[in-house]
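A.B. asks: Curious how this folds, go ahead:
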Amino acid sequence: QVQLVESGGGLVQAGGSLRLSCAASARTFSSYTMGWFRQAPGKEREFVAAISWSWSGGRTYYADSVKGRFTISRDNAKNTVYLQMNSLKPEDTAVYYCAARLGVLVTTKSDFGSWGQGTQVTVSS
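C.D. replies: Numbering: from 1, shown residues only. Model prediction:
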């Protein structure tokens, strides 16, 4: 089990930017595929972005709703994954969760075994 701690959430106006961070406790962090999910009030938790484990080249994948606006990246030396969010919209308002899994990149939340507590992102119009 990997311990994950998110940070960087907050309140921002539409069109603004935020960068979320997720610090992981895993000793072999580079072996994990890392993902970001979000959950808005009354809605299901949904996939946002993922980055594959480093040995497969750190491939990235995004939900259509954030493609071109969000960027996921990882720093294996710091055991940290980031989500840079630009051109934020009110519909991006949600609790954002970091998740980790050993193995190939997937986008299904049930395939991620470790989760953080979440960080709130609120985008005002």
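A.B. asks: What's opposite the one residue sitting closest to the centre of the chain in the beta bridge?
C.D. replies: The residue lying closest to the centre of the chain (Cα atoms, centre = their mean) is W36, at 2.3 Å. Using DSSP bridges, the bridge partners assigned to W36 are A49, C98.
A.B. asks: Do I have it right that it meets E46?
C.D. replies: No - assessed by Cβ atoms under 8 Å, W36 is found out of contact with E46, at 10.2 Å. Bear in mind the C-beta positions are built from the backbone N, C-alpha and C, glycine included.
A.B. asks: and the next element down the chain from the helix or strand containing A100?
C.D. replies: Per DSSP states H and E, A100 falls inside strand 94-102. Proceeding N to C from strand 94-102, the next assigned helix or strand is strand 114-115, under DSSP H and E.
A.B. asks: List the contacts of that following strand.
C.D. replies: With Cβ atoms under 8 Å, 6 or more residues apart in numbering as the test, strand 114-115 has contacts from Q1, V2, Q3, L4, Y97, C98, A99, A100, R101.
A.B. asks: gap between Q84 and T119?
C.D. replies: Going from Q84 to T119 by Cβ to Cβ, to the nearest Å gives 14 Å.
A.B. asks: Comparing these two, which shows the higher neighbour count?
C.D. replies: T119 (22 against 15; other Cβ atoms under 10 Å).
A.B. asks: Between the contacts of strand 114-115, which sits nearest A26?
C.D. replies: The nearest member of the contacts of strand 114-115 to A26, counting by Cβ to Cβ, is V2 at 4.5 Å.
A.B. asks: That closest one: what's it in contact with?
C.D. replies: By Cβ under 8 Å, 6+ apart, the residues touching V2 are A24, S25, A26, Y32, A100, G113, S114.
A.B. asks: From those, which one has the minimum pLDDT?
C.D. replies: Ranked by pLDDT, the contacts of V2 bottom out at A26 (83).
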